[in-house]
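Undergrad: Following is a predicted model, sequence given first.
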Amino acid sequence: MARFVLLMQLHASPAAALSTLIGSSWQLKMVIGLEPGSYLARSDWGASGGRLRFNVDVGFEDTPATVAEELVGPLSGTRLLSVQSEGSFVGFEGEKAVSFTGGGWCVQRGLGVPAESEGLLRFWLDCSSGASKGDVAVTLALSHTSTPTFTLTLTLAPTLALTLA
């Protein structure tokens with residue numbers, strides 16, 4: 001399973017932002033490919049310039065999560081991110097579905113910063129199907145200890161487009 005970690009700045013009155021965030025639905029427009037200057041630019045991954053493009057609809061729930069993602073925040077502040085509809089893209093073999101099992105979200109603030117202050121909205125989605133098109137692939141790899149590790153961890157904030165539903 002691949003994990004997509006997304007980070008974005010939350011620019012609004014924090015109390016108002018959280019009250020409108022909880023229960024909201026977003027359409028994430030995912031664009032996955034090689035970014036110039038990234039670590040992967042030193043490999044042949046995505047060297048063709050190809051991109052995976054698909055949408056996924058998610059909902060921000062107030063239900064506490066049972067697992068946390070280190071890059072997103074502590075378990076005590078993490079809530080469920082539900083998948084409302086999954087994505088698909090057209091590959092060389094026709095249309096391919098991209099499946100997600102859900103994820104979590106958290107608003108992070110610096111140490112000593114009051115809870116009323118602006119923070120970073122961070123969330124993740126677990127992709128159970130993986131996806132590939134040409135030399136762009138998001139796949140699960142197994143290490144020598146058989147613990148799942150990911151061939152790619154994505155921070156998509158620069159190419160993330162959000163539409164509030």
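TA: Yep, it's here. Numbers count the residues shown, from 1 in each chain.

Undergrad: What is the strand ranked longest in the chain packed up against?
TA: In terms of residue count, the longest strand belonging to the chain (DSSP state E) is strand 52-64. In this structure, strand 52-64 packs against strand 25-32, strand 79-85, strand 87-91, strand 100-108, strand 120-127, strand 131-133, with contacts taken as 3 or more Cβ pairs under 8 Å, 6 or more residues apart in numbering; DSSP states H and E. C-beta here means a position set from N, CA and C on the backbone, and glycine is covered the same way.

Undergrad: could I get those strands as a markdown table with mean neighbour count and mean pLDDT?
TA: A markdown table is the format used below for the helices and strands packed on strand 52-64 (neighbours: other Cβ atoms under 10 Å; pLDDT from 0 to 100):
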| stretch | mean neighbour count | mean pLDDT |
| --- | --- | --- |
| strand 25-32 | 18 | 86 |
| strand 79-85 | 17 | 93 |
| strand 87-91 | 16 | 88 |
| strand 100-108 | 21 | 87 |
| strand 120-127 | 22 | 84 |
| strand 131-133 | 19 | 87 |
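
Undergrad: For Arg51, which of those is the nearest?
TA: Using Cβ to Cβ as the measure, strand 25-32 is the one of the helices and strands packed on strand 52-64 that comes nearest Arg51, at 5.7 Å.

Undergrad: partner strands of the closest one, parallel or antiparallel?
TA: Paired strands of strand 25-32, with direction, are strand 52-64 (antiparallel), strand 161-164 (antiparallel) (DSSP bridges).

Undergrad: Give the buried residues for the longest one.
TA: This means strand 52-64. Residues of strand 52-64 classed as buried: Leu52, Phe54, Asn55, Val56, Asp57, Val58, Gly59, Phe60, Glu61 (neighbour count, 16 or more other Cβ atoms under 10 Å).

Undergrad: so which two of the residues you listed are the farthest from each other?
TA: Farthest pair in those (Cβ to Cβ) is Leu52 and Glu61. Separation: 26.6 Å.
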